[in-house]
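Colleague: my questions are about this predicted structure, shown below with the sequence.
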Amino acid sequence: MLVYSEADAHSLPVHLADEAICIGPASSRESYLNIPSIMSAALISGAQAIHPGYGFLAENADFAEVCKEHGLVFIGPPPEILRRFHDKVATRVAMKTLGLPVIPGSDGPVKTMAEGLRIGEAVGYPVMLKARSGGGGRGMRKVSAPQELQRLWDQASSEAKASFGDAGLYVERCLEGVRHVETQIAVDEYGSGICLGERECSIQRRNQKMIEEAPSASISEELRQEIARRAVDAAVRCGYRNVGTFEFLVDARGEFYFIEVNSRIQVEHTVTEMTTGIDLVKEQIALASGQPLSFSEEQIWVSGHAIECRINAEDSEQNFAPSTGVLTTWLTPGGPGIRIDTHCFQGYEVPPYYDSLLAKVIAWGRDRAEAVTRMQRALDEFTIVGVTTNIPAHKKILASELFRSGQVTTHLIDTVGVDALST
């Protein structure tokens with residue numbers, strides 16, 4: 001059974017579902033964030049469990065608690081774990097206690113502007129303002145000088161409040177010239193934990209990921225094993241359960257720093273599935289039902305290389321302005337090693353209410369070069385008419401020497417732009 005808002009009434013998942021129930025109007029607060037409506041739909045349908053998806057309530061401890069109170073299994077970490085990791089500041093302190101290196105910054109939420117200025121002076125500018133709750137790049141601002149703090153503080157706080165219902169912020173030194181590497185972990189109810197490899201997510205624009213790949217092309221084998229070992233050790237020691245992601249920044253010297261835990265399945269989990277052959281959502285469901293991990297470390301074998309491009313309804317030639325409209329033509333690519341995850345089809349009307357993601361194109365190859373070549377062919381074949389997409393930007397990035405050499409950093413797109421990258 002699937003729940004949907006009025007704006008998604010004609011999306012592909014609704015058409016494919018055995019049963020679908022509308023839970024409210026387009027506004028997310030009245031539909032996808034409306035816990036009573038979701039619970040009513042679940043109970044009416046006779047559901048036994050609820051999978052929260054990628055966002056909205058995926059890391060909401062109150063929602064997981066309500067599920068538990070009504071005899072429904074929440075497919076994800078239990079409420080107490082979600083509460084523990086919901087506060088990014090507390091998580092940061094906990095990981096530091098467990099021995100993971102963290103970025104210099106505040107040890108708690110920053111309550112006043114004066115305190116923020118003191119911390120900025122102590123750690124050195126630029127600094128990052130980050131939302132205490134949530135993730136996904138929301139409520140984040142880079143502050144280059146003390147005089148910018150007030151304006152950007154208000155922006156970050158307002159966005160955090162709108163996105164997560166919590167205006168709290170913390171401050172970290174802004175590390176520049178770094179790469180974003182994250183580890184996919186899973187821990188069962190019996191405390192057995194495992195890492196399914198890492199993903200490189202350094203191609204970002206305004207802290208929003210554009211391209212992800214597995215394994216990382218920029219770190220050594222020694223560092224790969226070190227990050228995996230320490231992430232799993234921290235996850236097990238802090239009592240984590242189910243599937244999750246430990247995220248890190250890696251600097252030019254190969255030093256790594258913990259930044260946050262995502263207590264949910266992530267959009268980019270597909271590249272891990274393509275390189276390990278393990279269905280992570282299936283594993284989520286099994287772990288939530290109390291089963292032990294279905295595989296051991298010896299059974300995980302990373303094969304080849306996978307790349308994911310997020311195809312968004314936005315005009316990369318016009319500063320990535322959002323685009324809406326009817327998909328008058330929608331022809332997806334195929335062929336060896338190509339996977340498409342999407343909710344769209346020809347004739348679908350792209351709504352203006354939610355994330356602009358239209359599809360994820362995933363390309364697998366025996367090595368990174370083959371994965372890149374297959375992705376380029378897939379993007380050339382992907383035909384979308386009716387809205388403007390960021391496919392041209394992806395093509396330029398994939399063709400660039402910096403990307404091909406694995407030398408990209410998290411601020412590269414924002415610093416030089418896509419066009420300069422491709423020259």
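Modeller: Thanks, I have the structure now. Numbers count the residues shown, from 1 in each chain.
Colleague: now the residue of the chain most remote from its centre: which helix or strand?
Modeller: Each residue of the chain has a distance to the centre, and by C-alpha atoms, centre = their mean the biggest one is for residue 114: 32.3 Å. Applying DSSP states H and E as the criterion places residue 114 in helix 113-123.
Colleague: check which helices and strands the strand ranked longest in the chain is in contact with.
Modeller: Criterion DSSP state E: the longest strand present in the chain is strand 193-205. Packing partners of strand 193-205 (3 or more C-beta pairs under 8 Å, 6 or more residues apart in numbering; DSSP states H and E): strand 179-187, strand 208-214, helix 221-237, helix 269-276, helix 412-421. For the C-beta atoms, the positions are set from N, CA and C on the backbone; glycine is no exception.
Colleague: quick revisit: mean confidence for the helix holding residue 114?
Modeller: The average pLDDT for helix 113-123 rounds to 90.
Colleague: which regions of the stretch 201-350 of the chain sit below the pLDDT cut-off?
Modeller: By pLDDT under 70, the stretch 201-350 of the chain has no low-scoring segment.
Colleague: phi, psi of residue 105?
Modeller: Main-chain torsions, residue 105, degrees, to the nearest 10: phi 170, psi -160.
Colleague: how far away is it from residue 202?
Modeller: 21 Å (C-beta to C-beta, to the nearest Å).
Colleague: try residue 164
Modeller: Going from residue 164 to residue 202 by C-beta to C-beta gives 25 Å.
Colleague: in terms of neighbours, single out the busier of those two.
Modeller: Set side by side, residue 164 and residue 202 show more neighbours around residue 202, with 27 against 20, by other C-beta atoms under 10 Å.
Colleague: contacts only, for that one.
Modeller: 179-181, 218, 408-410, 412 (C-beta atoms under 8 Å, 6 or more residues apart in numbering).
Colleague: same question for residue 171.
Modeller: Per C-beta under 8 Å, 6+ apart, neighbours of residue 171: 105-106, 110, 116, 119-120, 123, 127-130.
Colleague: between these, which is nearest residue 25?
Modeller: Taking C-beta to C-beta as the measure, residue 25 lies nearest residue 130 of the contacts of residue 171, at 31.5 Å.
Colleague: residues touching the closest one, list them.
Modeller: By C-beta under 8 Å, 6+ apart, residue 130 lies in contact with 88, 139-140, 156, 169-172.
Colleague: got phi/psi on it?
Modeller: With angles defined as degrees, to the nearest 10, residue 130 sits at phi -130, psi 140.
Colleague: beta-bridge partners for it, please?
Modeller: For residue 130, the beta-bridge partners under DSSP bridges are residue 170.
Colleague: give me the neighbour count for residue 153.
Modeller: 19.
Colleague: which helix or strand contains it?
Modeller: Per DSSP H and E: helix 149-164 holds residue 153.
Colleague: so which elements touch that helix?
Modeller: On a contact count with 3+ C-beta pairs under 8 Å, 6+ apart, helix 149-164 meets helix 113-123, strand 127-131, strand 141-143, strand 169-173.
Colleague: gap between the residue farthest from the centre of the chain and residue 150?
Modeller: Between residue 114 and residue 150 the computed distance is 11 Å (C-beta to C-beta).
Colleague: cool, residue 389 as well?
Modeller: 37 Å.
Colleague: with residue 407 instead?
Modeller: Distance, residue 407 to residue 150, using C-beta to C-beta: 36 Å.
Colleague: for residue 87, same thing?
Modeller: Look at residue 87 and residue 150: by C-beta to C-beta, they are 24 Å apart.
Colleague: between those two, point out the one with more neighbours.
Modeller: Ranked by neighbour count (other C-beta under 10 Å), residue 87 and residue 150 place residue 87 first, with 18 against 13.
Colleague: show the contacting residues for the more buried one.
Modeller: Here residue 87 is in contact with 132-133 (criterion: C-beta under 8 Å, 6+ apart).
Colleague: might one say that residue 275 is in contact with residue 212?
Modeller: No: with contact defined as C-beta atoms under 8 Å, residue 275 does not reach residue 212; the gap is 11.6 Å.
Colleague: for the residue nearest to residue 348 when sequence neighbours are not counted, what are its contacts?
Modeller: Computed as C-beta to C-beta, 6 or more residues apart in numbering, the closest residue to residue 348 that is not its neighbour in sequence is residue 327, at 4.9 Å. Counting by C-beta under 8 Å, 6+ apart, residue 327 touches 344-350, 384-387.
Colleague: any quick ChimeraX command for the buried ones out of those?
Modeller: Remark: buried members of the contacts of residue 327, expressed as a ChimeraX selection using 16 or more other C-beta atoms under 10 Å:
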select :344,348,350,384,386,387
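Colleague: now render the contacts of residue 327 as JSON lines, adding secondary structure and distance to residue 1.
Modeller: What follows is the contacts of residue 327, written out as JSON lines (DSSP: H, G, I helix; E, B strand; the rest coil; distance: C-beta to C-beta, whole Å):
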{"residue": "344", "secondary structure": "coil", "distance to residue 1": "21"}
{"residue": "345", "secondary structure": "coil", "distance to residue 1": "21"}
{"residue": "346", "secondary structure": "coil", "distance to residue 1": "26"}
{"residue": "347", "secondary structure": "coil", "distance to residue 1": "25"}
{"residue": "348", "secondary structure": "coil", "distance to residue 1": "21"}
{"residue": "349", "secondary structure": "strand", "distance to residue 1": "24"}
{"residue": "350", "secondary structure": "strand", "distance to residue 1": "25"}
{"residue": "384", "secondary structure": "strand", "distance to residue 1": "30"}
{"residue": "385", "secondary structure": "strand", "distance to residue 1": "33"}
{"residue": "386", "secondary structure": "coil", "distance to residue 1": "30"}
{"residue": "387", "secondary structure": "coil", "distance to residue 1": "30"}
